[in-house]
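# A structural model of the following input is requested.
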Amino acid sequence: MNKTPQVLVIYTGGTIGMVNDPLTGSLTAFDFGDVYKHIPELARLNVQLTTHAFPHPIDSSEMNPLWWKEMAELVYNKYHEFDGFVILHGSDTMAFSASALSFMLQGLQKPVIFTGSQLPIGTIRTDGKENLITAIEIAAATHENGTPRIREVAIYFEYSLYRGNRTSKVSASSFEAFRSPNLRPLAVAGVHIDYTGETVSSSNQLELFTGFDTSVALIKLFPGLNWTIYESLFDTNKTKAIILETYGSGNAPSDSKFHELLLNYLEKGGIVLNITQCSTGRVEQGKYETSSFFEKNGVLSGFDLTTEAAVTKMMYALGKSGGNAEAAKAILKQSICGEVTV
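Residues are numbered from 1 along each chain as shown. The predicted model follows:
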């Protein structure tokens with residue numbers, strides 16, 4: 001006799017958990033203890049749901065590593081009680097949070113599915129109901145031998161399931177708010193859920209690591225950038241690592257001030273990671289003369305990392321290495337949990 005899958009639904013905040021207050025007309029967070037009242041369709045799933053709501057809903061813009069730590073610890077502490085986890089989250093920073101948890105929870109053998117919505121759950125045309133129902137179904141899905149179909153952190157939105165650390169938000173208004181630019185979806189939901197992609201496979205025990213180091217700067221290049229304005233960022237006493245969003249396949253201008261700042265920073269032990277501004281493709285340092293300077297002087301290639309994955313992986317690498325720059329660089333050069341094609 002097959003047991004009923006146990007899924008923990010964690011509400012952190014975001015649009016999906018909002019309903020209209022009939023007295024004021026304003027949006028307020030609904031009580032997830034009454035989730036079946038708002039979404040009666042859930043009762044038809046062969047899934048035993050348990051809900052956990054943060055005491056105060058976190059606006060997506062207020063998300064930070066302390067909240068990532070709380071989410072990761074909750075999954076870790078409840079890991080053996082549930083078959084899968086669904087995290088309801090504001091869409092604006094969802095890709096950052098999904099990337100962060102993929103590094104915080106190494107060795108996952110169960111699904112941790114992020115989802116949310118563009119319209120509140122209490123709105124007639126909401127996308128939240130389908131997103132939540134299907135996310136729960138995916139979190140409970142198993143192979144015939146009983147092992148979970150998904151064994152990683154993922155994002156489900158508008159009929160597609162994406163690897164969390166390969167995903168970016170691309171639209172503020174479309175229901176198709178997310179894309180995974182360099183990796184095909186893990187699953188596509190139509191009449192049936194088609195598990196088209198390969199999930200991350202790990203034989204390791206679940207390991208929790210939340211000691212992220214946030215001494216990271218992100219600089220997006222643009223024509224006419226005045227490097228004097230950014231000079232204070234190139235201080236290794238304050239900034240341990242800099243992520244450069246460069247042009248095309250990793251190119252940057254041959255600006256003398258930029259090169260001076262970069263060389264001094266690298267010589268003092270700073271870490272520089274080169275990622276592309278383009279939504280698809282990858283960094284190929286040395287392909288053009290404008291990126292050969294990076295290759296010669298120790299700038300690391302970010303290959304096809306998304307910005308969200310680059311930021312959270314850097315925080316992870318700095319924390320995990322305990323301040324040892326060479327150890328952090330070694331982490332950055334490898335794929336930790338399917339976040340990059342090296």
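# Sketch out the low-pLDDT regions of this structure for me.
Counting by pLDDT under 70, the ranges of the chain that qualify are 1-2, 20-28, 30-34.
# what about 90?
The chain contains residues with pLDDT under 90 at 1-3, 14-44, 55-57, 120-126, 128, 196-204, 286-292, 323, 342.
# where exactly do the helices run in it?
For the chain, the helices defined by DSSP state H cover 35-38, 65-77, 94-104, 128-140, 256-267, 289-297, 307-320, 325-332.
# Switch those over to TSV; also include mean neighbour count.
Bear in mind the C-beta positions are built from the backbone N, C-alpha and C, glycine included. What follows is the helices of the chain, written out as TSV (neighbours: other C-beta atoms under 10 Å):
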stretch	mean neighbour count
helix 35-38	14
helix 65-77	18
helix 94-104	28
helix 128-140	23
helix 256-267	16
helix 289-297	16
helix 307-320	25
helix 325-332	17
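# Compare those and give me the one nearest residue 171.
With C-beta to C-beta as the measure, helix 94-104 is the member of the helices of the chain nearest residue 171 (12.4 Å).
# how big is the angle separating that closest one from helix 307-320?
30 degrees (axes from the mean of the first three to the mean of the last three C-alpha atoms, to 10 degrees).
# quick revisit: may I see the helices of the chain arranged in a markdown table, with distance to residue 7 as well?
Shown next, in a markdown table, are the helices of the chain (distance: least, C-beta to C-beta, whole Å):
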| stretch | distance to residue 7 |
| --- | --- |
| helix 35-38 | 12 |
| helix 65-77 | 12 |
| helix 94-104 | 17 |
| helix 128-140 | 5 |
| helix 256-267 | 46 |
| helix 289-297 | 45 |
| helix 307-320 | 25 |
| helix 325-332 | 32 |
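# Tell me which of those helices sits nearest to residue 276.
Residue 276 sits nearest to helix 307-320 of all these, at 9.5 Å, using C-beta to C-beta.
# Now do that closest one against helix 325-332, angle only.
140 degrees.
# List the contacts of helix 307-320.
65, 95-96, 98-100, 102-104, 165-168, 209, 211-216, 218, 240-241, 243, 245, 271, 273, 275, 302, 305, 327-329, 331-332, 336, 339-340 (C-beta atoms under 8 Å, 6 or more residues apart in numbering).
# quick revisit: out of the helices of the chain, the one nearest residue 232 is which?
Closest to residue 232 of the helices of the chain, according to C-beta to C-beta: helix 256-267, at 10.2 Å.
# starting at the chain centroid, how far to that closest one?
Here helix 256-267 is found 31 Å from its chain centre; the criterion is C-alpha atoms, centre = their mean, to the nearest Å.
# and the angle for it with helix 289-297?
20 degrees.
# Against which helices or strands is helix 256-267 packed?
Under the contact criterion of 3 or more C-beta pairs under 8 Å, 6 or more residues apart in numbering; DSSP states H and E, helix 256-267 touches strand 271-276, helix 289-297.
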